[in-house]
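> Model the following, please.
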Amino acid sequence: QVSPEELIDMVQGDHVHPDLQMSFSNPVTQEFDRERLIAHLQSLSQAPAEQQRQWRDLEYRLAVSRKHEKLSQLMRQSAFVNSLEARAQHKAANTTLHVNCLYIPYHAYSEESIQADPAKLAQYLAENKDAYQTEQRRGVQYLVFPVEPIAEDQKSFQEELEALKEAFAQAKDARIFAKVNTDNQPDASYLYLTSQELPDVLKAQKRHAAPVVGPVQEGSWHRLYRIVKSPTTEDEVYEVAVIDKKLVPGDNACDQVFRQADLCASTVRDSTQLAEYAAQQDMPVHTAAVSPNDIQVGTLPQARTLVRWLYNEAKVGTVSSPFELGEVYVVAIMTGHTLAGTAPLDQVREELASRVINAYKASKIIAKLQEAAPSLTLAEQAEQHGHGARFVTIDNLCFDDDSLQVTGTARKAVGAAAALQPGAQTAVADEHGVVVIELLSRDSPVPPEDITTQQGEMTQFSKLKQSDATLQSLEELGKIQDYRYRFY
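Numbering: from 1, shown residues only. The predicted model follows:
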């Protein structure tokens, strides 16, 4: 809570809020002017009703802000790591394992006789639904109508370049002229180059200050060069002013493409007609699954306008009006809506099939390993097993490692190894195959007598997480839905 006395202290007492200090600062010294603040407060009773309301709103916002600050400070100060936790963390982070590892990859076993029927896929999804949570998505199909310069744009651009080239040659200060007239990064309009770094077109010219070389086309850019200063000694370099200009479509070119996109939007009624139109025009139909906060849609880098339409206006089957996105127009149709939660079976079918098949392979591999003679070492089992089995001895394996030399990602196997006693072994069905781990020895350092440094580091890390964790908890408790994606 924020008491009335605390609010007064924030507004006119010894701890005036920084926002108020900034609003009532001396215009000359930029220092907080308490007298200006007090004079304003004394005049409030005579101020218009609207101004008084605004001040009350300000005081309310300051009080709310202070409540948030108090909660945040309370949660940060609650972060504490005791010495036992610090010693345990130090031990886990610095313990190394010496292990033997037998790896049998799943891909070494044929899949021809293994069936992943829909019932098994559905069962696997139900048992592992936490691993297949997804945010809401909306499906979209769209056509892209690129806007290209037309003949009149080419003509006017060439005229602009010739006029610019003449003016560039006559400019008294080439550096400033290039910086003002370039279309690309003004800071890159004046270069210091050695003779080896000079562009080929400049090497072929007589190197003196007057001529302007170009325009030289480099990709979509047309470049004009002017050597401002040539070196007179070996230690000096060339000073080169550069102007970059890009040919862009004019209004008529944009209008032509817009009319084409608008005709498409007004005649197409569904996905089938969209595909037919695309086939007639020899255009590809693009598809994408769009999340609420996406900025890029498919190959469209800045497509928030399209995303907002999908989540504010569109319904399944709705065809959009043309969107102007950079140098293209886009006509889109919403094709589906996936709600947040467990992903639909069809959306993750291929991954589930792979998981189910690998689980079956793992059971067969582990059963075969259990049939091996107990006297066989892991190296001997690898040779006897075949099917691409590999054996390796690993030194200095740490709990934080997420892979093994022969397996790639293998978090389950690493975790299992950390839990073993020396001389024991276990088989783990991991990401890419079955891993048999045998712990040979464990090197666990003795924690230092003084663990306060470790405690301090862990406590500080915990404090850094408190603000986000508190906000997330409040959002969950309040069942807050974030709809900001509808407006940006």
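> And the strands in the stretch 301-450 of the chain?
Using DSSP state E, counting those that start in this stretch, the strands assigned to the stretch 301-450 of the chain run over residues 323-325, 328-338, 341-342, 390-398, 403-404, 408-409, 425-429, 433-443.
> What is the fifth one packed up against?
It stands for strand 403-404. When contacts are defined as 3 or more C-beta pairs under 8 Å, 6 or more residues apart in numbering; DSSP states H and E, strand 403-404 packs onto strand 390-398, helix 411-419. For every residue, glycine as well, the C-beta is placed using N, CA and C.
> mind checking how far that strand is from the chain centre?
Centroid separation for strand 403-404 versus its chain: 26 Å, with C-alpha atoms, centre = their mean, to the nearest Å.
> before we move on, what about the last one?
Relative to the mean C-alpha coordinate of its chain, strand 433-443 is positioned 36 Å out (C-alpha atoms, centre = their mean).
> Which residues does that strand contact?
95-108, 362, 365-366, 369, 378, 381, 393, 404, 407, 410, 412-413, 416-417, 420-428 (C-beta atoms under 8 Å, 6 or more residues apart in numbering).
> go again using 6 Å as the cut-off
96-106, 362, 365, 378, 407, 410, 413, 416-417, 420, 422, 424-428 (C-beta atoms under 6 Å, 6 or more residues apart in numbering).
> same question, the fourth one
By C-beta under 6 Å, 6+ apart, the list of residues contacting strand 390-398 from outside reads 96-103, 378-379, 382, 405-406.
> Sheet partners, orientation included, of that strand?
Strand 390-398 has the following sheet partners, assigned by DSSP bridges: strand 96-105 (antiparallel).
> Kindly report the same for the first one.
Looking at strand 323-325 with DSSP bridges, its partner strands are strand 328-338 (antiparallel).
> and the strand it pairs with, which residues are buried?
By neighbour count with 16 or more other C-beta atoms under 10 Å, strand 328-338 contains the buried residues V328, Y329, V330, V331, A332, I333, M334, T335, T338.
> With distance to E236 as extra columns, can I get these in TSV?
Below are the buried residues of strand 328-338 laid out as TSV (distance: C-beta to C-beta, whole Å):
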residue	distance to E236
V328	47
Y329	51
V330	52
V331	57
A332	57
I333	62
M334	63
T335	63
T338	64
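> Nearest to E85, out of those: which one, please.
Of all those, E85 sits closest to T338, with 41.4 Å by C-beta to C-beta.
> how far away is the residue lying closest to the closest one once chain neighbours are set aside from V99?
Nearest non-adjacent residue to T338, counting by C-beta to C-beta, 6 or more residues apart in numbering: R137, 4.6 Å away. For R137, the distance to V99 (C-beta to C-beta, to the nearest Å) stands at 42 Å.
> ChimeraX command to pick out the buried ones of the contacts of strand 433-443?
Buried residues among the contacts of strand 433-443 (16+ other C-beta under 10 Å), as a ChimeraX selection:
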select :97,98,99,100,101,102,103,104,105,106,362,365,378,407,410,413,416,417,420,425,427,428
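> on that earlier part again, highest average neighbour count across the helices and strands packed on strand 403-404?
helix 411-419 (a mean of 19; mean count of other C-beta atoms under 10 Å).
> quick one: contacts of it?
L97, V99, F399, D401, D402, T426, V428, D430, V435, I437.
> next one: stretch 276-292 to chain centre, how far?
The answer for stretch 276-292 is 25 Å, by C-alpha atoms, centre = their mean.
> pLDDT averaged over the top helix by length along the chain - what is it?
Scanning the chain for the longest helix, with DSSP state H as the assignment, gives helix 49-77. For helix 49-77, the mean per-residue pLDDT is 89.
> For that helix, buried residues please.
Using 16+ other C-beta under 10 Å as the test for burial, helix 49-77 gives E59, L62, A63, R66, M75, R76.
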